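[1] Below: sequence and its predicted model.
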Amino acid sequence: MGEGKKYPRIVVRPPGPKARALLERDSAVVSPSYVRFYPLVVESAKGCIIRDVDGNEYIDFNAGIAVMNVGHCHPKVVEAIRAQAGKLLHYSHTDFYYEESVLLAERLCEITPGKHKKRVFFCNSGTESVEAAIKLSRWHTRRQLFLAYIGAFHGRTLGSLSFTASKPVQRRYFHPLVPGVIHVPYPYCFRCPFGLERPDCGFWCVDFIEEWVLEKYVPPEEVAAIVFEPIQGEGGYVPPPDGYFQRLKKLCDKHSILMVDDEVQAGMGRTGRWFAIEHWGVVPDVICMAKAIASGLPLGAIVAREELMDWEPGSHATTFGGNPVACRAALAVIDIIESEGLLRNAEEQGNYIMKRMRELQEECEIIGDVRGKGLMIGVEFVKPGGRKEPGVEEVKEVMMRSWRRGVAVITAGKCTLRIAPPLTITRDLVDAALEIIEDCIREVDKEARAKG
Ligand code: PLP
């Protein structure tokens, strides 16, 4: 029997009794600062299927927020972790040496874009990888300022938060942040911040940086780097138009501004390339990564051009970064992505999902835009009527109904459904999940039109 016939399997309307009991305990002791998309209480997971505490089994269409790229508890990852856990759990890569972090650094230098020599700094998370990139950029260039994007998400520690700009709640009452970060509009063509359209716009969004930022008030010789997501993630799964990054690179080269590419969400094969920036043939100076790198174990890294990583001993380090167990898991992840052909699968399944969503767009007014690369897909919802009014309630309804029927899918930005299953997803499971999502979209579309 195909997996798509077996899953999803909803045995009790979620949240079931065991889930409800845990929600109550959670609400008594856990920080209320977390955003929970819906009351899903996960008990276990395998491959692309997650099981809640009441026995419901869902198709995972968000991969634990773009972390479980090789699927949950992949046997090779589990084995690598088990073997390493019995051998060496920790000995501070910061202060001594062991082989696991060197092996991983060698592999990361191989799979990142560019044939030049590189060096790797290890940390524990996405936000820490951004912190490292910021500090390295300042150290190397001796410049203080940065460019970043409106709509960006780079993490929540105070340094990276100074670059994050996708929702006011992320920054409210946390000011003052790190000074000297200048935000410019991201090339979000569906809602162009300049009200222009491709291709007539002539990439005004790049010229704007030159003519209205660098020529008016930000001396380019003081800008260390521009920090960007190759596809905005939390901001709404927004890929830039083809040609954008090539234009941006010219601008950066002109002023010797470093390109810091935050691949925390888009990297490790998610878009059908090892790193999303490869879609546009631009080689960044620094790449930030975390999330999927170690299949759920905390690990982050930056990979930088060798000549950039010239900071002195003692200038930056962290106790747990490059933990040997996490490194072994990451080595397994890289092998699995290669040996199971997951880049190709991400591209194939992603193209198929986007095709199905575009077909549905013909029928449903509430689908405004379908976009993405590989398995990093955004479906932006609008209100009926063709005015691109954000479909905030509509996307939420689609998400909640899909979840109750067995597809764990979430949103990004204001009104975008983000589709990001593990890269191991089969056509069978894609079909089973899409059938449910499509049904929910049709229902919500009908109701929205009836409301007028
Ligand atoms: N950068 C990007 C692009 C992200 O999507 C995220 C998290 O979603 C981060 C940085 C922060 O990563 P972490 O939550 O591991 O600190």
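    Sure thing, it's come through.

[2] Isn't E57 up against P8?
    Yes - taking contacts as CB atoms under 8 Å, E57 lies within contact range of P8: 5.8 Å. Where C-beta positions appear, they are placed from N, C-alpha and C, glycine not excepted.

[3] Of the two, which one has the most company?
    P8 (22 against 19; other CB atoms under 10 Å).

[4] list the contacts for that one?
    Contact analysis of P8 by CB atoms under 8 Å, 6 or more residues apart in numbering lists 56-59, 405-407, 432-433, 436.

[5] Give me the phi and psi angles of it.
    In terms of degrees, to the nearest 10, the main-chain angles of P8 are phi -70, psi 170.

[6] Look up how far I59 lies from it.
    5 Å (CB to CB, to the nearest Å).

[7] Can you pull the phi/psi pair for the residue of the chain found nearest the ligand?
    When scored by CB to the nearest ligand atom, the chain has G126 as its residue closest to the ligand, at 2.1 Å. Note on G126: its backbone torsions stand at phi -70, psi -50 [degrees, to the nearest 10].

[8] which residues touch it?
    154-155, 160, 262, 264-265, 288-291, 300.

[9] For the stretch 101-250 of the chain, which residues are neighbours of the ligand?
    125-127, 130, 153-155, 229, 233-234 (CB under 6 Å from any ligand atom).

[10] Return a PyMOL selection command for the buried portion of the contacts of P8.
    If you want just the buried ones from these in PyMOL, going by 16 or more other CB atoms under 10 Å, the selection is:
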select buried, resi 56+57+58+59+405+406+407+432+433+436
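
[11] Next, the closest residue in space to L258 that isn't next to it in sequence: secondary structure please.
    Leaving out its chain neighbours, the residue that sits closest to L258 by CB to CB, 6 or more residues apart in numbering is A225, at 3.8 Å. What DSSP: H, G, I helix; E, B strand; the rest coil gives for A225 is strand.

[12] Which pLDDT value belongs to A225?
    pLDDT, A225: 99.

[13] ok, it - contacts?
    Counted by CB under 8 Å, 6+ apart, A225 has contacts 133-134, 137, 141, 146-147, 257-260, 285-286.

[14] For the protein, just list every one of the helices.
    Secondary structure of the chain (DSSP state H): helices at 3-6, 17-29, 63-66, 75-85, 99-111, 126-141, 158-161, 204-208, 244-255, 324-339, 342-363, 392-404, 427-451.

[15] per the record, what domains does this protein have?
    Using automatic domain parsing, the domains assigned to the chain come out as 17-60+344-451, 77-339.

[16] quick one: the residue nearest to the spatial centre of the chain and V370, what's the gap?
    Closest residue to the average C-alpha location of the chain: Q265 at 2.0 Å, with CA atoms, centre = their mean. Q265 sits 19 Å away from V370, taking CB to CB as the criterion.

[17] can you tell me how far the residue nearest to L258 sits from G321?
    With CB to CB as the criterion, A225 and G321 are 21 Å apart.

[18] do the same with W274
    Counting by CB to CB, the gap from W274 to G321 is 21 Å.

[19] Then V181?
    Look at V181 and G321: by CB to CB, they are 24 Å apart.

[20] Look at the two and report which has more neighbours.
    Neighbours around V181 and G321, counted as other CB under 10 Å, are more numerous at G321. The numbers are 24 against 18.

[21] What residues does the more buried one make contact with?
    For G321, the contacting residues are 93-94, 121-124, 128, 299-300, by CB under 8 Å, 6+ apart.

[22] ditto for V53
    By CB under 8 Å, 6+ apart, the residues touching V53 are 16, 18-19, 22, 41-43.

[23] related to what we said a few turns ago, what's the most buried one of the helices of the chain?
    Highest mean neighbour count of the helices of the chain: helix 126-141, a mean of 24 (counted as mean count of other CB atoms under 10 Å).

[24] What average pLDDT does it get?
    98.

[25] Tell me the gap between it and the middle of its chain.
    Distance, stretch centre to chain centre, for helix 126-141: 19 Å (CA atoms, centre = their mean, to the nearest Å).

[26] Can I get it in PDB, CA atoms only?
    In PDB, the C-alpha atoms belonging to helix 126-141 read as follows (Å, rounded to 0.1, in the frame of the first residue of the first chain):
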ATOM      1  CA  GLY A 126      21.100  30.500  13.100                       C
ATOM      2  CA  THR A 127      21.100  33.700  15.200                       C
ATOM      3  CA  GLU A 128      24.700  32.900  16.300                       C
ATOM      4  CA  SER A 129      25.800  32.300  12.700                       C
ATOM      5  CA  VAL A 130      24.500  35.800  11.900                       C
ATOM      6  CA  GLU A 131      26.300  37.200  14.900                       C
ATOM      7  CA  ALA A 132      29.500  35.600  13.800                       C
ATOM      8  CA  ALA A 133      29.100  37.000  10.200                       C
ATOM      9  CA  ILE A 134      28.500  40.500  11.500                       C
ATOM     10  CA  LYS A 135      31.500  40.400  13.800                       C
ATOM     11  CA  LEU A 136      33.800  38.900  11.100                       C
ATOM     12  CA  SER A 137      32.600  41.600   8.600                       C
ATOM     13  CA  ARG A 138      33.400  44.400  11.000                       C
ATOM     14  CA  TRP A 139      36.700  42.800  12.100                       C
ATOM     15  CA  HIS A 140      38.000  42.300   8.600                       C
ATOM     16  CA  THR A 141      36.900  45.500   6.900                       C
END
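
[27] Count the residues that sit near the residue nearest to M259 when sequence neighbours are not counted.
    Computed as CB to CB, 6+ apart, the closest residue to M259 that is not its neighbour in sequence is P284, at 4.3 Å. By the criterion of other CB under 10 Å, P284 has 27 neighbours.

[28] contacting residues for P284?
    113, 259-261, 277.

[29] cool, C415 as well?
    236, 380-382, 390-392, 394-395.

[30] In those, find the pair that's most separated.
    Greatest spacing in these, by CB to CB: G236 and E394 (14.5 Å).

[31] for the residue nearest to G372 when sequence neighbours are not counted, what are its contacts?
    Nearest residue to G372, sequence neighbours excluded (CB to CB, 6+ apart): G378, at 5.7 Å. By CB under 8 Å, 6+ apart, the contact set of G378 is 236-238, 369-372, 412-413, 416-419.

[32] Closest one of the contacts of G126 to V70?
    K291 (12.2 Å).

[33] what's the neighbour count on E306?
    Burial measure for E306: 11 neighbouring residues, criterion other CB under 10 Å.

[34] Centre of the chain to the helix-or-strand element of the chain with minimal mean pLDDT, how far?
    Using mean pLDDT, DSSP states H and E, the weakest-scoring helix or strand in the chain turns out to be helix 3-6, at a mean of 83. How far helix 3-6 lies from its chain's middle: 28 Å, per CA atoms, centre = their mean.

[35] Against R371, how distant is the closest residue to G281 other than its chain neighbours?
    Spatial nearest neighbour of G281, chain neighbours left out: Q246 (7.2 Å); criterion: CB to CB, 6+ apart. Distance, Q246 to R371, by CB to CB: 19 Å.
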